[in-house]
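K.L.:
sequence and predicted structure are below.
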Amino acid sequence: MSHTVLVCDDAIFMRTMISDILAQAGFEIVGEAETGSQAVEKYRQLKPDLVTMDIVMPDMGGIDAVREIVKQDPDAKILMCSAMGQQALVVEAIQAGAKDFVVKPFQPSRVLEAVQRVLG
Amino acid sequence: MSDAGVVRLLVFRVGNLVCAAEAERVREILPRLAPTRIPGAPPVVAGLVNVRGTLVTVVEGWRALRQPEPPGDAGPGTTVVLEVGRGKKVLGFTVDEVVDLLSVGGETLERRQALPGIDPTLVRAVGRRAGQLFVVLDTDALLTPILSS
Amino acid sequence: MDLSQYAELFLAESREHLSACNQLLLEWERTPANPAPVGGLFRAVHTVKGMAATMGYARVTDIAHRTENLLDLLRRGSRPATDELLQLLFRARDALETAVELSVVGREDELDVAEVVADLEGAAAHLAGPARSAPVAAPAVEPAAAPGGGRLVQVTLRAEAPLKGGRALLVLKRAQGLGAVQGVTPPQAAFESDDFDGRFSFRLDSSAAAAEIERVARGAGDVEHVSVGGEERRAAGPRAAAAAGAPPEATPEKGRHIRVDLRRLDELMDLIGELVTVRGRLNELAAARRDPAVDDVAIQISRLSADLQAGIIQARMTPVWQVFDRFPRLVRDLARELDKQVTFRVEGKEIELDRAILDELGDPLLHLLRNAVDHGIETPAERRRRGKQPEGEIVLAAVRERASVAISVSDDGRGIDRARILDRARREGLVDPHAEALSDDQLLRVLARPGFSTADAVTSVSGRGVGIDVAVTRIRALGGSIDIRSEVGKGTSFVLRLPVTLAIVRALIAGVGRERYALPLTYVAETVEFGVQPTTIVEGREAIVLHDRVVPLVHLRRMLGVSGDAPPRCPIIVLEMGERRSGIVVDGMLGQQEIVVKGFDPPQGTLPVFSGATIMGDGIPALILDAGGLV
């Protein structure tokens, strides 16, 4: 059975690209969210095996969303999607409970490696 | 049209003339449809018809080729839908009847233009079918001036 | 991975964010003390950066990155906007826009960004102050000096690994799965610094084999080298507590949207058009059959196709702000350039129009707004002399009227000097040499003549006319109209009226002789009866007087060259386009129906009064009369 994924990013562009990379590798994209609060809500509904989470999003940022999701489910597997130069934010996200991170620009192989590490 | 090679021609009759058009320019052959008059357009334009949802301007063949008007008891006639210009536009052209679809070797067509009863600038070549001469029309030269720009 | 498939999405979404940047910058400019827009700016630029980096557009990424740095400093410092800062941010936004547009067409290299990049850097360095401009010295890695008990683990991350601090933290987290971690060197706080070089060490209190520790550490990814040393005694103090993150500010939730190519919508619209045509035929058949079962199906199909049609039309509807949003910036820049003071207001942003129409409106509105700033609004000094506020006002407003939308561009400037225009129009033979005055209508006709606005005219008639012929032509092509109202000293207002959609309209079907013509209801005000209404002659034209207003008549039969005589009593369809009216005399009314507007190639000589044609329920085409060509 393929793993289910929730993709969270405020840019459709990014969501499309991540979804394409993961879907081509056989993952099932079960949902998308464009704000942190949507991510928390969708996680509750969908219970995906994996979440990809953008850091900077309107409404509720990615790091707060990680905290909320981990509060609900300490085993949540969240992969942060970060940009160059967000060292401090990535550190904060990992402390909040994110399991790994990838850095934009995405290379499909790097994304898939990170996903494998997270799903371990 | 190359001198060698095979050319496919649709042969039809308009009044006293037997003419042909290159088959690759023919989109389809339809029974004559009742046209809607376009006010202001010259008499050579029969009007607008509906070809399965697309609006096509139809040119009255006998007027375009200066033939006598078909008698009232002549059958309904046929509309040949042709591509005009580099395939961008489509026009209908009414003929009295479609005679044949021919494949002829390019060498059997004569590059002759002077033929009684027809403007020489509209003639691309002359061919022969069952002993009868026919005119291969330059359909672009005939129809393009009717469309505005 | 083929990225070209994402280019269109990148472009569309970047444009949206950059348009939002404009709005936010203007907002900040209006209330410089309120730093609220900065958060939104930061997010928008950040998103563009991420997308551009993914597409491999280095210039966009570079400008965005530096702009983002500056915005981040501003955001953290909650600083008020200064004029200098705003100018720089506007410039950076414009550079980003150019870079985005050039990048997607593969011409990124043409762009020189050195200057704006340098200015952004300079501003950031200035803001950051000496404390931040000097690099933070990373504590030297002295593995041997690491305090605490357990086994010493030394890790080196790959040189090319991005965000090494995050990666190091992941190594530590994994190691914690094997036992307590202490004595992290450099201290964890250094992981957050950009200068962290990826070499660190810690003590792990674990009985796991060295190979197992190494495997776990490498599992975090991007690890170049791991060495696991022997046991040491002693335990260290607790780890530093994690820093609390600042809560991001709340913004309203965005609607859920997908993007659809307009061509797809056009194709769907064509199909619906076919369906509507066939539906008409089915209704006629059902009416002839008088079979209740067939009737039922016909009614159901009618209802379903009507819903489908409404849905598709709705999907094409786009709020006008998508075009209007770029104007505040434009007006502001132009006003600055010309040393005018202008307040610009936009009203009715949420009014919707068919996307195909909206896409065509940008240029005509641009012309009108440019004219308003350049020639309508006076200089502050001149305004004061005339007893006006030094600050002029320009209003761009959209209002829904029946089946059309009216968009107006109004200024409170000097108005058009009619005497001068009249003078010139008389000399050029555009009006009767004895004409005493120009009506608004005539004024527009004169101004809209291509060539009327020569350079000489521009100065002598305060420049009105520049681009007006372009605007009028464009609007007319969309089945709309333009009206002008102008009063000397008070201002000028242009009103554009446009149909809400081009694709399917409700129309009156009029009979003339044996021919049928469709007349969109968009501009039909009412119908009255000819032969009952008394007619008069006004300015040489036959007219009726309706509600105290003169309505000139157009006999369609005569105009279209239909032979035979009109019946003695017949309907007059009164068209109204803004201030202008016209009564169209037809033989009879054949009903009202939805028609699908289709184009056709008009042959030479076709009268310029048709906007297209439609296919009637019987499958026979009928021409559509263009109200703009009749009024």
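P.N.:
Perfect, I can see it now. Given the structure is predicted, the values throughout are model-derived calculations rather than measurements.

K.L.:
list of residues touching the helix or strand hosting residue C:75?
P.N.:
Element membership for residue C:75 (DSSP states H and E) is helix C:58-77. Defining contact as Cβ atoms under 8 Å, 6 or more residues apart in numbering or on different chains, one finds that helix C:58-77 is touched by A:84-85, C:14, C:35, C:38-39, C:41-42, C:45-46, C:48-49, C:52-53, C:85, C:88-89, C:92-93, C:95-96, C:99-100, C:102-103, C:108, C:111, C:113, C:116-117, C:120-121, C:123-124, C:127-128. Yep, even glycine has a C-beta here, placed from its N, CA and C like the rest.

K.L.:
just the ones of the residues you listed in helices?
P.N.:
Among the contacts of helix C:58-77, the residues falling in helices (DSSP state H) are C:14, C:38-39, C:41-42, C:45-46, C:48-49, C:52-53, C:85, C:88-89, C:92-93, C:95-96, C:99-100, C:102-103, C:116-117, C:120-121, C:123-124, C:127-128.

K.L.:
quick check: PyMOL command selecting the buried ones in those.
P.N.:
To isolate the buried members of those in PyMOL, using 16 or more other Cβ atoms under 10 Å in any protein chain shown:
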select buried, chain C and resi 14+38+39+41+42+45+46+48+49+52+53+85+88+89+92+93+95+96+99+100+102+103+116+117+120+123+124+127+128
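
K.L.:
filter the ones in helices among the contacts of helix C:58-77 down to the ones near chain A?
P.N.:
Filtering the ones in helices among the contacts of helix C:58-77 for proximity to chain A by Cβ under 8 Å from any Cβ of the partner chain leaves C:42, C:46, C:49, C:53.

K.L.:
and chain B, which residues reach chain C?
P.N.:
So far as Cβ under 8 Å from any Cβ goes, chain B lies against chain C at B:34, B:36-42, B:45, B:48-50, B:53-57, B:89, B:91, B:145-148.

K.L.:
which ones among those residues are found in helices?
P.N.:
Among the residues of chain B next to chain C, no member falls in helices (DSSP H).

K.L.:
re earlier: any buried residues in the helix holding residue C:75, and which?
P.N.:
By 16+ other Cβ under 10 Å, the buried positions in helix C:58-77 come out as C:59-75.

K.L.:
for residue 40, give me the pLDDT.
P.N.:
Answering for chain A, as no chain was given. pLDDT for residue A:40: 95.

K.L.:
try again with chain C
P.N.:
So, for residue C:40, pLDDT stands at 89.

K.L.:
roughly how far does the residue nearest the centre of chain A sit from residue C:438?
P.N.:
Geometric centre of chain A, nearest residue: residue A:52, 1.4 Å, by Cα atoms, centre = their mean. Taking Cβ to Cβ, to the nearest Å as the measure, residue A:52 falls 66 Å from residue C:438.

K.L.:
how about low-confidence regions in the stretch 401-550 of chain C?
P.N.:
C:402-403, C:450-467, C:503 (pLDDT under 70).

K.L.:
now do the same contact list for the residue of it found nearest chain B.
P.N.:
Residue nearest to chain B within the stretch 401-550 of chain C: residue C:515 (6.4 Å; Cβ to the nearest Cβ). When contacts are counted by Cβ under 8 Å, 6+ apart, residue C:515 touches B:36, B:37, C:560, C:562.

K.L.:
was I right to think the first one contacts residue C:622?
P.N.:
Yes: with contact defined as Cβ atoms under 8 Å, residue B:36 reaches residue C:622; the gap is 6.4 Å.

K.L.:
common neighbours of the two, please.
P.N.:
Residues touching both residue B:36 and residue C:622 (Cβ under 8 Å, 6+ apart) are residue C:613.

K.L.:
burial of whichever residue of chain B sits closest to chain A, as a residue count?
P.N.:
In chain B, the residue that lies nearest chain A is residue B:53 (34.5 Å; Cβ to the nearest Cβ). As a burial measure, residue B:53 scores 15 neighbours (other Cβ atoms under 10 Å in any protein chain shown).

K.L.:
gap between the nearest residue to it once chain neighbours are set aside and residue C:124?
P.N.:
Distance criterion Cβ to Cβ, 6 or more residues apart in numbering or on different chains; nearest residue to residue B:53, sequence neighbours excluded, is residue C:274 at 4.9 Å. From residue C:274 across to residue C:124, the span is 59 Å (Cβ to Cβ).

K.L.:
coming back round to it: the residue of chain B closest to chain A against residue C:275, yeah?
P.N.:
No: checked against Cβ under 8 Å, the pair residue B:53 and residue C:275 is beyond contact range at 10.1 Å.

K.L.:
what are the buried residues along stretch C:599-618?
P.N.:
C:600-603, C:606-607, C:609-617.

K.L.:
what is the nearest of the residues you listed to chain A?
P.N.:
Chain A has its nearest neighbour among those in residue C:612, at 35.1 Å by Cβ to the nearest Cβ.

K.L.:
name the helices or strands packed onto the strand or helix carrying that closest one?
P.N.:
Using DSSP H and E, residue C:612 maps to strand C:610-615. When contacts are defined as 3 or more Cβ pairs under 8 Å, 6 or more residues apart in numbering or on different chains; DSSP states H and E, strand C:610-615 packs onto strand C:588-596, strand C:621-625, helix C:627-630.

K.L.:
chain B is nearest to which of those?
P.N.:
Chain B sits nearest to strand C:621-625 of all the helices and strands packed on strand C:610-615, at 4.5 Å, using Cβ to the nearest Cβ.

K.L.:
and the residue in the stretch 351-500 of chain C that chain A sits nearest to, how close does it get to chain B?
P.N.:
Relative to chain A, the nearest point of the stretch 351-500 of chain C is residue C:355 (17.9 Å; Cβ to the nearest Cβ). To chain B, residue C:355 is 23 Å away according to Cβ to the nearest Cβ, to the nearest Å.

K.L.:
leaving aside the residues next to it on the chain, what's closest to that residue?
P.N.:
residue C:318 (4.5 Å).

K.L.:
I figured residue C:621 hits residue B:38, correct?
P.N.:
No: with contact taken as Cβ under 8 Å, residue C:621 and residue B:38 are classed as non-touching, separated by 9.5 Å.

K.L.:
joint contacts of the two?
P.N.:
Shared contacts of residue C:621 and residue B:38, defined by Cβ under 8 Å, 6+ apart, comprise residue B:48.

K.L.:
tell me where the model's unsure across chain B.
P.N.:
B:1-4, B:87, B:112-114, B:148-149.

K.L.:
walking through it, point out its strands one by one.
P.N.:
Assigned by DSSP state E, chain B shows strands spanning B:6-14, B:17-22, B:26-31, B:45-51, B:54-59, B:78-84, B:89-95, B:97-105, B:123-129, B:132-137.

K.L.:
ok and the third one relative to strand B:97-105, angle-wise?
P.N.:
If I follow you right, that is strand B:26-31. 150 degrees (axes from the mean of the first three to the mean of the last three Cα atoms, to 10 degrees).

K.L.:
kindly report the same for the first one.
P.N.:
Computed with the same axes, to 10 degrees, the direction of strand B:6-14 lies at 160 degrees from that of strand B:97-105.

K.L.:
dihedrals phi and psi, the residue of the stretch 251-400 of chain C at minimum distance from chain B?
P.N.:
Nearest to chain B in the stretch 251-400 of chain C, going by Cβ to the nearest Cβ, is residue C:274, at a distance of 4.9 Å. According to degrees, to the nearest 10, the main-chain angles of residue C:274 amount to phi -60, psi -40.
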